[in-house]
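Chemist: this one's structure only:
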């Protein structure tokens, strides 16, 4: 009986149990420590690499924008970018930043230059091969791995023979559609439906607009066909920009037409996505009534060359003849202009109400037919198949007009 109690006492004796438990649990505790410290450190490193990639991509796309701002519309279509210059800008910015205590070097192969396209509903970056023409996006991969800057070293995970971990991050910055266009940028009193943007080869008919998904507007003023003619001539009168070899708006009107009184100068306001314009379909015949240049090859016509009433210029032909030589597209036979795109249903319709502006697009306007020739109230336009860039921040739609200040898109 005594031996039984002695055995029971020995079983109850827990001396040294703690040491056994600690020995068993210690690897687990170390594992959790490694998880907490090393995994956390890897997340910090990845966030730092993400910041580097973001900054480098924005710098590369910003370089594109800074070049486009110095070019005319025509030059933007043909300018050949240097890949080494774009890559160099991204690399310089990256090198000024650190990840896990190391200044980050970006490999040449980790910089992709291309175009950012969202027209299909899914945005993709299409790399541009040499020659690099009309790029609008830059993608950068920032690494801490065997390819660049070395893997990020671990702390406690070395106990499990994990001495380093590969970490990387990527970012894409692009020049996207402008959310705002500057004062004076809009010079045409019409707009198109958002559902017409898909095909730049399809003709869009204005005046009358009833056969197409488009409409006239009076900018921020209530739609009023009676006030449109004066506003359009005012847009010419308000254009006092200096043009090489050409006169500005007031002088152009004065030299071509013997007007009793010049129109009031007009400057269209700053316009942004989300603004609402009032639209009107059909024909505004008064925009085509009056005198027009008879000699289309000359910017200034003599009195005998003016067709029709020399004292009252036909507003739309005058607007066309004036800006087609001053739009910077290199082709005096067409007028390349910016217009708003309005929110619409499917199928699109001819707007005769208030609509929200959802995008801006460049269009090509062909020579209108002057009166009294058949079809003189008809204006045909095409969406410009080229991409053009205007000063301003992106964040807008997917049209062919883009800002020069980049946004992170991916």
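Modeler: Received it, and whenever you're ready, just let me know what you need. A quick note: this is a predicted structure, and the numbers were derived from the prediction, not measured.

Chemist: tell me what the helix or strand containing residue 115 is packed against?
Modeler: Here residue 115, judged by DSSP states H and E, is contained in strand 111-117. With contacts taken as 3 or more CB pairs under 8 Å, 6 or more residues apart in numbering; DSSP states H and E, strand 111-117 sits against helix 40-68, helix 83-95, strand 124-127, strand 137-144. In short, each C-beta sits where N, CA and C put it, glycine included.

Chemist: now the angle between helix 83-95 and that strand, please.
Modeler: Computed by axes from the mean of the first three to the mean of the last three CA atoms, to 10 degrees, the angle separating strand 111-117 from helix 83-95 equals 110 degrees.

Chemist: what comes up buried for strand 111-117?
Modeler: By 16 or more other CB atoms under 10 Å, the buried positions in strand 111-117 come out as 111, 112, 113, 114, 115, 116.

Chemist: and if you look at stretch 74-89?
Modeler: 74, 76, 77, 79, 81, 83, 86, 87, 88, 89.

Chemist: also stretch 337-350?
Modeler: 337, 338, 339, 340, 341, 342, 343, 344, 348, 350.

Chemist: now it: average pLDDT?
Modeler: In this model, stretch 337-350 has an average pLDDT of 84.

Chemist: looking at the buried residues of stretch 337-350, which is nearest residue 197?
Modeler: Lowest distance from residue 197 to those (CB to CB) belongs to residue 341, with 6.7 Å.

Chemist: hmm, the closest one is touching residue 357, no?
Modeler: Yes. Between residue 341 and residue 357 there is a contact under CB atoms under 8 Å: 6.9 Å.

Chemist: quick check: neighbours shared by those two?
Modeler: Both residue 341 and residue 357 are in contact with residue 191, where contact means CB atoms under 8 Å, 6 or more residues apart in numbering.

Chemist: wait, which of the helices and strands packed on strand 111-117 is closest to residue 268?
Modeler: That would be helix 40-68 among the helices and strands packed on strand 111-117, by CB to CB, at 22.4 Å.

Chemist: after that closest one, which helix or strand is next?
Modeler: Counting by DSSP H and E, what follows helix 40-68 is helix 73-78.

Chemist: would you map the strands across the stretch 251-400 of the chain?
Modeler: 271-272, 276-280, 292-293, 306-307, 335-342, 354-365, 379-383, 388-393 (DSSP state E, counting those that start in this stretch).

Chemist: identify the residues contacting the second one?
Modeler: The list of residues contacting strand 276-280 from outside it, by CB under 8 Å, 6+ apart, reads 191, 215-220, 222-223, 225, 340, 342, 351-357.

Chemist: same thing but at 10 Å, please
Modeler: 186, 189-191, 209, 214-225, 228, 271, 340, 342-343, 350-357 (CB atoms under 10 Å, 6 or more residues apart in numbering).
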